[in-house]
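In: what's the 3D shape of this:
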Amino acid sequence: MTDNTPAPTAEALYGQIRSLLAEARQHVRRTVNQTMVHTYWQIGRLIVDDEQGGKERAAYGKQVLPELSRRLSAEFGKGFSVPNLRNFRQFFLNFSEEQIRYTPCSELSWSHYRALMRVADPDARRWYWNEAASQQWSVAALDRQIGTFYYQRLLSSQAGEQAGLRQEAAQNIAADAPFSPRDFIRDPYILEFLEIQPSAGLYEKDIEQGLLDQLQKFLLELGKGFAFVARQRHLRIENEDNYVDLVFYNYILKCFVLIELKVGKLSHQDVGQLDMVVRVFDQQLRVICQDSCHGT
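Out: Numbering: from 1, shown residues only. The predicted structure follows:
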């Protein structure tokens, strides 16, 4: 029997694959997030249970946690410092297991819970927790609402004033960038939990794109006479491909300006590499200019 079902068009096929990948990534994000949050809560529970096993609180804090941190860090990475272990303990004391498993509150990340633990008032903390989950606040939005005492202002305001406060809060939340899967991948707490080393490459491309998106403003900030020439300008250095992030020309100074974007501390090796890039760029530019002058 012949299947007469028409083959999907290229656009339809793309849409199906895109939906499948987006759903898979969302599932991975949710699974990793829930596992990490629940694991930290369980670590906090174990610490509190051990603390209540007859040990003196002062002796416990001074002796057990540093040794526990040293051994865990050696085996599982740097996410288990003494301050982090204290955060896990506080997490267990501030939130019940039902709370961290409750949907949609199970969508809240460890960064959300760290922000919530800074709220001393249990009623306010519970209100922010519920609002962040039900309204799908980003971590930035949650931090903003806590920092502006949104709950306290609502509580102390008259009924007629609350609508204005809610509108202000909604505008602030809308101003925050929407969640991106890249944010999840580059979250330092996720990287620590999965023992993935953060790479500058995760961030430098976004810096470059952000500068290009705001190119006019960026040029004005550089000063007078700058013109944009190229992005990712290819150079061949010692038989290897290299790329200059951004190239500008200053028609007042009559020189090129090369910009290399780096995240983190600048090393001597970086300086040496930059010096080589400048020299090779100058050499290759001279060859191009000579060829042009001779009409080749």
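
In: show me where the stretch 151-296 of the chain has strands.
Out: Along the stretch 151-296 of the chain, counting by DSSP state E, counting those that start in this stretch, strands occupy 226-237, 240-250, 255-259.

In: can you redo these as CSV with mean neighbour count, mean pLDDT and distance to Trp129?
Out: C-beta coordinates here come from the backbone N, C-alpha and C atoms, glycine included. Formatted as CSV, the strands of the stretch 151-296 of the chain follow (neighbours: other CB atoms under 10 Å; pLDDT from 0 to 100; distance: least, CB to CB, whole Å):
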stretch, mean neighbour count, mean pLDDT, distance to Trp129
strand 226-237, 14, 80, 44
strand 240-250, 15, 81, 42
strand 255-259, 15, 86, 44
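
In: Let me know the secondary structure of Ala120.
Out: coil (DSSP: H, G, I helix; E, B strand; the rest coil).

In: And it, its phi and psi?
Out: For Ala120, the backbone dihedrals are phi -70, psi -40 (criterion: degrees, to the nearest 10).

In: pLDDT weak spots in the protein?
Out: Where the chain drops to pLDDT under 70, the residues are 1-8, 53-62, 103, 159-160, 172-219, 239, 262-266, 286-296.

In: domain assignment for it?
Out: 15-193, 201-293 (automatic domain parsing).

In: List the residues that contact Glu67.
Out: Listed by CB atoms under 8 Å, 6 or more residues apart in numbering, the contact set of Glu67 is empty.

In: so after the host helix or strand of it, what's the next helix or strand?
Out: In this assignment (DSSP states H and E), Glu67 forms part of helix 65-76. Next in sequence after helix 65-76, counting helices and strands by DSSP H and E, comes helix 82-94.

In: circling back to that earlier point, dump the strands of the stretch 151-296 of the chain to TSV, plus distance to Gln16.
Out: Shown next, in TSV, are the strands of the stretch 151-296 of the chain (distance: least, CB to CB, whole Å):
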stretch	distance to Gln16
strand 226-237	32
strand 240-250	35
strand 255-259	41
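
In: Report the angle between the helix or strand hosting Gly15 and helix 65-76.
Out: Element membership for Gly15, per DSSP H and E: helix 10-51. For helix 10-51 against helix 65-76, the angle between stretch directions is 150 degrees (axes from the mean of the first three to the mean of the last three CA atoms, to 10 degrees).

In: quick one: helix 10-51 to helix 82-94, angle?
Out: Using the same axes, to 10 degrees: helix 10-51 against helix 82-94 is 90 degrees.

In: shift numbering so it begins at 893
Out: Yep, numbering from 893; the last one is helix 902-943 now.

In: how far is helix 902-943 from where the chain is centred?
Out: 16 Å (CA atoms, centre = their mean, to the nearest Å).

In: And it, what does it pack against?
Out: Applying 3 or more CB pairs under 8 Å, 6 or more residues apart in numbering; DSSP states H and E, we find helix 902-943 packed against helix 974-986, helix 989-993, helix 1002-1008, helix 1073-1078, helix 1080-1085.

In: The first one: which residues count as buried?
Out: This points to helix 974-986. Judged by neighbour count (16 or more other CB atoms under 10 Å), helix 974-986 contains these buried residues: Asn976, Leu977, Asn979, Phe980, Arg981, Gln982, Phe983, Phe984, Asn986.

In: Likewise for the shortest one?
Out: Neighbour-count burial for helix 989-993, counted by 16+ other CB under 10 Å, picks out Gln991, Ile992.

In: Contacts for it, please.
Out: Gln926, Val929, His930, Trp933, Cys997, Ser998, Leu1000, Tyr1005, Trp1021.

In: Name all residues that make contact with Val1031.
Out: Here Val1031 is in contact with Ser1001, Ser1003, His1004, Ala1007 (CB under 8 Å, 6+ apart).
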